[in-house]
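In: coords please:
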Amino acid sequence: MIFIGILNGVILLHFFVKTISFPRYVPKINKIMEKDVFIENLEYPSCTSCKFYEPKGYYFEETISRCNKFGRKDIITSEIDFLNADICRLNEDKCGKKGRFYIEEPNLLWKKWKFQLTRYTTIVLSLYLFLLFAYLIDYLKYT
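Out: Below you'll find the predicted structure:
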């Protein structure tokens, strides 16, 4: 039973570290700006912290992610197909390089937490079911 408790703690710690660890890059950016290093687009906002950014794929910062600000509606099926975020940033008529329509996500941490949670849902559920069955088998042995 102690093993099951430790395993649950490790899983929760993994989620916590993966979702909370993103601010560690902020001091690195500040150090880069202080030096005589020339990095393009450092002063522009990132799509990943925008309100309209919808992550797709395995990682939160994928280029195939969608921008919920720009899309096309299919007039037959009424489905809306949103454009990729990188396409919107390259097109000056849409968001452009400077991020004209950028609105900072007020709950960025929660958004990243939900993405991590949905990414690992099947793994976590199957692991918890396995642990539940192991606990039930262990309980039934002694009754």
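
In: Longest strand in this protein, by number of residues?
Out: Ranked by residue count and defined by DSSP state E, the top strand of the chain is strand 66-73.

In: Point out the other helices and strands that that one packs with.
Out: Using 3 or more CB pairs under 8 Å, 6 or more residues apart in numbering; DSSP states H and E as the contact test, the elements touching strand 66-73 are strand 53-54, strand 80-84, helix 85-90. Glycine gets a C-beta too; all of them are placed from N, C-alpha and C.

In: of those, which approaches residue 114 most closely?
Out: Closest of the helices and strands packed on strand 66-73 to residue 114 is strand 53-54, at 11.2 Å (criterion: CB to CB).

In: what does stretch 83-96 contact?
Out: Stretch 83-96 is contacted from outside by 47, 53, 63-67, 69-72, 97, 99, 101-102, using CB atoms under 8 Å, 6 or more residues apart in numbering.

In: quick revisit: so which of the helices and strands packed on strand 66-73 comes closest to residue 125?
Out: strand 53-54 (23.2 Å).

In: so what does the closest one touch, helix or strand wise?
Out: Packing partners of strand 53-54 (3+ CB pairs under 8 Å, 6+ apart): strand 66-73.

In: who's in contact with the strand it packs on?
Out: Under the contact criterion CB under 8 Å, 6+ apart, strand 66-73 has outside partners 47, 50, 52-54, 56, 79-85, 88, 94-95, 101.

In: Derive a PyMOL selection command for the buried subset of those.
Out: Listed next is the PyMOL selection for buried residues among these, using 16 or more other CB atoms under 10 Å:
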select buried, resi 47+50+52+53+82+83+84+85+88+95
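
In: Any idea how many residues pack against residue 123?
Out: 10 (other CB atoms under 10 Å).

In: Numbering from 497 from now on, please.
Out: Taking 497 as the first residue, the last one we looked at is residue 619.
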